[in-house]
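Q: Provided below for reference: sequence and predicted model.
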Amino acid sequence: MGAWQRLAGAGGLGWLLLCLAAIAGCSRPEPVRIGFVGPLTGRVSAVGTAGRDGALLAVEEQNASGGILGRTVELVISDDQGEPEQGVEAVRQLIAQGVVAIVGPMTSAVAMEASKVANASGIPMVSPTVATDALSGRDDYFFRVVPSVKRMAASLARYLFGRAGCRRAAVLYDLDNAAYTADWVARFREAFEASGGWVWSRGFRPGREGSLLALVDDCLAVAPDCVVTAASALDTALVCQQLDKRGVRVIKATAEWGTSQLVFQYGGRSVEGLVGSQVYPAEGGHPRCRQFRDRFRSRFGRFPHFAAASGYEAAKVVLTAVTRQERGEALRAAIVRIGIFPGLCGPFAFDAFGDVDRATTVVVGRDGRFVPGP
């Protein structure tokens, strides 16, 4: 009789099962844990849930292809509610759970504070959507897959002045995410006025509709050629609706934050003709971008928000770096060494400070979707 049989026969079946379970447990390596932090609740939750789903798709695809060196990948998700204080706590909790890197944050206001925690802990943070110039040119652990506001805002300003013929712009911007929006407005003003235009701007607090509606009247008092928002899809739609109710004929435009498909759901026909700038085209584009849209719709049953595409790319950066990380090499060093990554719209490269310089596309809202501008 073998040793295992004697143990079982001696009433040790329970011990036998425990031993087998322990052996099986030892044979399964711990998963590679990657964190995600973004606003999954609150007024800007559309950006957070889209970024989460894009990152989740990337992780699922990695696991379907065998994981990383035989280890599964786990996406550990945390809700920052779009609040800096909550973002700091969310990042601390993710680090305590042993994540090797974090995809996020999704808003500049949260990133300004949460990145300090990641830097102190030596944990790379790859943001899908944070564009504030306040985080540019820093030798830290913060990376991002979208260009800074300087490129995005200047692209839209030049289009509105040159192609659209605007000379007077009124800009309304969200004060709750001022780390991004105030920076965006400053860069827009710089480019628009350098072309010979004039800019009026005012900030508002989201959720206080009376305040926003009063600002619409204020901006129309300066007789603008275009009304521009640096705000969420919801607030952008509200502004467009108010302009239509007043029967005002002006060009409507928005920063990239407002260019999600949700703006059509919120604003209906009032957002027809809305001009914006994007990294990820809503249709056509690179084959990888078209394939991503198809896979995302198949998995989640809806068209991907731009933040879903950038969430997917940010997660792919982390997955690629972990896969190609050399023995004894820090993950941040691996990201810098790899340098060039195969993005959805073509390859992109990080500079020494974790920033990217990518092309943007001007888009216009037509029949419920964004198409390339003329």
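A: Received it, and whenever you're ready, just let me know what you need. Numbers count the residues shown, from 1 in each chain.

Q: Surely residue 218 is in contact with residue 202?
A: Yes. Counting by C-beta atoms under 8 Å, residue 218 does reach residue 202; the two are 6.4 Å apart. Heads up, the C-betas are built off the backbone N, CA and C, glycines and all.

Q: Compare the two and say which is more crowded by neighbours.
A: Neighbours per residue (other C-beta atoms under 10 Å) separate residue 218 from residue 202, with residue 202 holding more: 16 against 13.

Q: In contact with that one, which residues?
A: 171-173, 215, 218-219 (C-beta atoms under 8 Å, 6 or more residues apart in numbering).

Q: ok, now with 7 Å
A: Residues near residue 202 by C-beta atoms under 7 Å, 6 or more residues apart in numbering: 172, 215, 218-219.

Q: and residue 143, what element?
A: Residue 143 belongs to strand 142-144 when elements are defined using DSSP states H and E.

Q: Show me the domain layout of this structure.
A: 32-147+285-359, 150-278 (automatic domain parsing).

Q: residue ranges of the strands in this structure, please?
A: For the chain, the strands defined by DSSP state E occupy 32-38, 73-79, 102-103, 125-127, 142-144, 168-174, 198-204, 226-230, 251-254, 275-278, 340-343, 346-349, 361-366, 369-372.

Q: Out of the ones you listed, which is closest to residue 333?
A: When the strands of the chain are compared by C-beta to C-beta, strand 142-144 sits nearest residue 333, at 12.3 Å.

Q: picking up where we left off before, turn the contacts of residue 202 into CSV, columns for distance to residue 165.
A: Listed next are the contacts of residue 202 as CSV, based on distance: C-beta to C-beta, whole Å:
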residue, distance to residue 165
172, 21
215, 24
218, 24
219, 19
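
Q: Give the full set of residues in contact with the residue lying closest to residue 343 once chain neighbours are set aside.
A: Leaving out its chain neighbours, the residue that sits closest to residue 343 by C-beta to C-beta, 6 or more residues apart in numbering is residue 313, at 5.5 Å. Counting by C-beta under 7 Å, 6+ apart, residue 313 touches 128, 145, 343-344.

Q: what do you get for residue 177?
A: Applying C-beta under 7 Å, 6+ apart, we find residue 177 in contact with 107-109.

Q: and which of those residues is nearest residue 69?
A: Using C-beta to C-beta, residue 107 comes nearest to residue 69 of the contacts of residue 177, at 33.5 Å.

Q: Assess the claim that that closest one and residue 43 are in contact.
A: No. Counting by C-beta atoms under 7 Å, residue 107 does not reach residue 43; the two are 10.8 Å apart.
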